[in-house]
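*Asks:* quick one: sequence and predicted model below, then my questions.
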Amino acid sequence: MDSPYRIGRWRHCLLLLALAGLVGLTPARAEKPALGFIVGYKAAVDELRRDETDRGPWADRREREHAAWQRAAKRSRERTQALGRSLGLPMAGVGEAGRAALIRLQRPMQGPELEDAMRRLRLHPDVEWVEPNVLEGRLAIPNDTRWADQWHLREPGLTMGNFQPAALNMPAAWDISTGATGAVRVAVVDTGVRFSHPDLAGRLLGGHDFVSELAVANDGNGRDNDPSDPGDWVDAGDLANPLFGACDLGDSSWHGTFIAGQIAALSNNGSGVAGLNWDARVVPVRVAGKCGALVSDLLDGARWAAGLPVAGVPSNPYPARVVNLSFGGSTACTAAYQSMVDDLRAAGALLVVAAGNQATALQRPADCSGVMAVASVRRDGAKADYSSFGPNVALSAPGGSCNLPDCDDRFTYTLANGGGSLLLSTDNAGTQGPGADTYGYKQGTSFSAPQAAGVASLMLTLNPSLTPTALIERMQLGARAHTAYTGVACSAFNNTTCDCTTSTCGAGLLDAERALQLATGPAAVIAPVGGVLPGAQITLDGRGSLAQVGRSIQSYRWTLESGPTGLSIPNDTQALTGLQLPASVEGRWVFRLTVQDDLGAQGSDLVLATAARPPSSGGGGGGGGALGAWWGLGLWAWVLALASRRQRR
């Protein structure tokens, strides 16, 4: 979707009407036209089942798989061609959609005609299931010069001027690893990319265009080896095409370019924005154009991204270990989707998906088994008003949330109109075709998912043996607890801005540092100390430290890393200890906690204690009082603004 759908204060009324059976009184969204059918055959006749496509000599695994798939696809197409002819369907061709058969239609079909054709397909004795091939919408809405605007990557903060409890904690993670050149590839299955963007120079590798429908492709051809994004705008003239009858008017999104920059923009180069993985390579896989992505194109593109064979397409020379997919959301997970997810997991690829922007229960692919679904939170950690949610969410990450009443009506955000609460990445200025390469602000779960994908790629840099399941489990294990600032827990009746729980928004807030520690060993987690008076008794608390699944922490060791004077730490082998700072010394003390698990793996982290006397209140020290008064006024203004915002939503 081009932008999150906000229902605001009327959402509860509409929900009550639905429960009363009065939904028919509200305007219905136009039904999506089908461009074909995705058909699942029964096992006895399914040429694309695994025991068929895995046949052949074992000399070269990838050659064997590709050749076996081509043979099986040929047999499947012959069967599908005969099926379509026997039912009198107006076929334009046949093919595959993931591990299912595909019937392409000569023209879009909808309404009673579509229902009748699907009924006849389902009744055929060879057919197990069938679904329409419809367009799926996108789920959108260092020393780099724009680093200051990337709040979501910074350290989690709770102070005025640094209030971002949901931030990813990337600086601490980068102290562990910024990536390794070419070590990990991340596929972005999306709208394609702008290869000309200077912050993506050298970061894009290979790729393919899987958009098969010419009107959707918008580049004058079908599938080819050029995943460039020509723009995906929809104007009034497009709406006259039955294919786009259910689409929204909108400018080009440059959705894939934005996501590619989030993951792997050139970093620490004194220009632009920072990516999560400074050395990753992005494999751009274009599956979407005007109005979204056909299910068949999306399924094929995701398979190819992970190195799996697709008939009629050369093998992917750069298979990805992490695949980001920020499209979907029209219905519950289907057999075609689940089969694609299963194939990617079997290939060792983690599929990271957006939870969706409907503020409802999860839909495909986020509700499929085995995906890593990521929900969106605001800067304060509350669920973003647009984010979908549910028990299949793995965890949450920042997605941005504009705090102005007319944000939904804007496409171009700036710091002046609410962009400071959104996410910043690589973008393009063109409203239709490509314009100047630039940077832009966006919001949506589409842009929460790439943050998990980027962190996963850093984890794989440290430990390439991690499986998709291990990546998800360790990121969940290291997640920080959800915040509770709105006072209202998320539920079916409270589905806009609300407090996340582990049953609605996953294990917690994505923490990059903890995730990277857990990639190779345990994670040392220390409660903050902060600012204290000289001579204060401080507590060093590492009881929140975490071990990997199936392991346990066996030892703790506290040491003084730096400080204005030497200090002795009593009980320095305990998870919880304390000490007294010198009474007459101001300064910063840095303590390190090192933990070791039962297999000898170690993890460590630092905590800062700053001792300072309060400013004098007399003899020229009046400025401190003035600062306190202004700080108090600012705090009350912030509280009143929050209250006003909650009333407005």
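*Replies:* Arrived safely, thanks for sending. Because the structure is predicted, anything quoted here is derived from the model rather than measured.

*Asks:* next, the residue nearest to C498 when sequence neighbours are not counted: phi, psi?
*Replies:* Leaving aside its chain neighbours, C498 sits nearest to C490 (4.0 Å; criterion: C-beta to C-beta, 6 or more residues apart in numbering). In this view, the C-beta of every residue, glycine as well, is placed from N, C-alpha and C. In terms of degrees, to the nearest 10, the main-chain angles of C490 are phi -70, psi 140.

*Asks:* ok, M109 next?
*Replies:* Main-chain torsions, M109, degrees, to the nearest 10: phi -130, psi 140.

*Asks:* hang on, it packs against P33?
*Replies:* Yes. Counting by C-beta atoms under 8 Å, P33 is a contact partner of M109 at 6.6 Å.

*Asks:* coming back round to it: contacting residues for the residue nearest to C498?
*Replies:* K383, F389, C498, D499, C500, T501, T504, C505 (C-beta atoms under 8 Å, 6 or more residues apart in numbering).

*Asks:* out of the residues you listed, list just those in strands.
*Replies:* With DSSP state E as the criterion, strands contain none of those.

*Asks:* taking the residues you listed together, which two end up most distant?
*Replies:* F389 and D499 (11.3 Å; C-beta to C-beta).

*Asks:* need the residues touching each of these two.
*Replies:* K383, C490.

*Asks:* same drill for these two, tell me which one is more crowded.
*Replies:* F389 (31 against 19; other C-beta atoms under 10 Å).

*Asks:* tell me the pLDDT at that one?
*Replies:* F389 carries a pLDDT value of 97.

*Asks:* contact partners for it?
*Replies:* A355, A359, A361, L362, A375, K383, C490, N495, C500, T504, C505.

*Asks:* which of the residues you listed ranks first by neighbour count?
*Replies:* Highest neighbour count within the contacts of F389: A355, with 35 neighbours (other C-beta under 10 Å).

*Asks:* dump the residue contacts of it.
*Replies:* Taking C-beta under 8 Å, 6+ apart as the definition, contacts of A355 comprise 362, 366, 373-376, 387-390, 393, 445, 448-449.

*Asks:* okay, and which of these map to strands?
*Replies:* A373, V374, A375, S376, V393.

*Asks:* sorry, back to before: same list, the contacts of C490, but as a markdown table with distance to C333 please.
*Replies:* A markdown table is the format used below for the contacts of C490 (distance: C-beta to C-beta, whole Å):
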| residue | distance to C333 |
| --- | --- |
| K383 | 22 |
| F389 | 16 |
| C498 | 25 |
| D499 | 27 |
| C500 | 22 |
| T501 | 23 |
| T504 | 18 |
| C505 | 19 |
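
*Asks:* number of nearby residues for N221?
*Replies:* Neighbourhood size, N221 [other C-beta under 10 Å]: 10.

*Asks:* can you pull the residues that touch both of M109 and P33?
*Replies:* Common neighbours of M109 and P33 (C-beta under 8 Å, 6+ apart) do not exist.

*Asks:* wait, doesn't A527 sit right on D541?
*Replies:* Yes. A527 lies in contact with D541 (C-beta under 8 Å); the separation is 4.0 Å.

*Asks:* higher neighbour count, these two?
*Replies:* D541 (18 against 13).

*Asks:* now do the strands in the stretch 51-200 of the chain.
*Replies:* Per DSSP state E, counting those that start in this stretch, the stretch 51-200 of the chain carries strands over the ranges 91-97, 100-109, 127-132, 135-136, 157-159, 162-164, 185-190.

*Asks:* can you tell me which of these has the worst average pLDDT?
*Replies:* strand 157-159 (a mean of 69).

*Asks:* distance across stretch 515-525, terminal residue to terminal residue?
*Replies:* 11 Å (C-alpha to C-alpha, to the nearest Å).

*Asks:* meant to ask about stretch 216-223
*Replies:* So stretch 216-223: terminal residues 11 Å apart, C-alpha to C-alpha.

*Asks:* where does the prediction get shaky in the chain?
*Replies:* For the chain, the stretches with pLDDT under 70 are 1-31, 50-60, 139-142, 159-162, 403-420, 615-649.

*Asks:* for the most centrally placed residue in it, which residues are in contact?
*Replies:* With distances taken as C-alpha atoms, centre = their mean, the residue of the chain nearest its centroid is A449 (0.3 Å). Contact partners of A449, counting by C-beta under 8 Å, 6+ apart, are N324, L325, S326, V352, V353, A354, A355, V374, A397.

*Asks:* which strand residues bridge the fourth one?
*Replies:* Applying DSSP bridges to V352 gives these bridge partners: N324, M372.

*Asks:* with the last one instead?
*Replies:* On the basis of DSSP bridges, A397 is bridged to S376.

*Asks:* ok, it - contacts?
*Replies:* 152, 166, 168, 374-377, 448-449, 451-452, 509-510 are the contacts of A397 under C-beta under 8 Å, 6+ apart.

*Asks:* without its sequence neighbours, what residue ends up closest to A180?
*Replies:* A180 sits nearest to T461 (C-beta to C-beta, 6+ apart), 5.1 Å away.

*Asks:* so what angle separates the directions of the strand or helix carrying that neighbour and strand 185-190?
*Replies:* Using DSSP states H and E, T461 maps to helix 449-462. Note on geometry: by axes from the mean of the first three to the mean of the last three C-alpha atoms, to 10 degrees, helix 449-462 and strand 185-190 are set 160 degrees apart in direction.

*Asks:* quick one, the helix or strand following helix 449-462 and helix 449-462 angle?
*Replies:* Remark: after helix 449-462, the chain's next helix or strand is helix 468-477, criterion DSSP H and E. Relative orientation of helix 468-477 versus helix 449-462 (the same axes, to 10 degrees): 110 degrees.

*Asks:* who does helix 468-477 touch, helix- and strand-wise?
*Replies:* With contacts defined as 3 or more C-beta pairs under 8 Å, 6 or more residues apart in numbering; DSSP states H and E, the packing partners of helix 468-477 are helix 335-346, strand 350-354, strand 372-377, strand 393-398, helix 449-462, helix 512-520.

*Asks:* any buried residues in it, and which?
*Replies:* P468, A470, L471, I472, E473, R474, M475, Q476, L477 (16 or more other C-beta atoms under 10 Å).

*Asks:* circling back to that earlier point, among the strands of the stretch 51-200 of the chain, which is the most enclosed?
*Replies:* Among the strands of the stretch 51-200 of the chain, the stretch with the highest mean neighbour count (mean count of other C-beta atoms under 10 Å) is strand 185-190, at a mean of 30.

*Asks:* and the contacts of the helix or strand just after it?
*Replies:* Counting by DSSP H and E, the next helix or strand C-terminal to strand 185-190 is strand 208-209. With contact meaning C-beta under 8 Å, 6+ apart, strand 208-209 is reached by 192, 217, 219, 223-228, 285-286, 301, 304, 313, 316.

*Asks:* one more time with 10 Å
*Replies:* Residues outside strand 208-209 that contact it (C-beta atoms under 10 Å, 6 or more residues apart in numbering) are 192, 217, 219, 221-230, 283-287, 289, 297, 300-301, 304-305, 310, 313-314, 316.

*Asks:* next SSE downstream of that strand?
*Replies:* Next along from strand 208-209, by DSSP H and E: helix 214-217.

*Asks:* now that following helix: buried residues?
*Replies:* V216, A217.

*Asks:* show residues contacting that helix.
*Replies:* With C-beta under 10 Å, 6+ apart, helix 214-217 has contacts from 35, 108, 135, 192, 209-211, 220-224, 230, 232, 238, 241, 243-244, 286-294, 297.

*Asks:* and the helix or strand that it is followed by, how far out from the chain's middle?
*Replies:* Counting by DSSP H and E, the next helix or strand C-terminal to helix 214-217 is helix 255-264. Averaging C-alpha positions (C-alpha atoms, centre = their mean, to the nearest Å) puts helix 255-264 11 Å from its chain's average.
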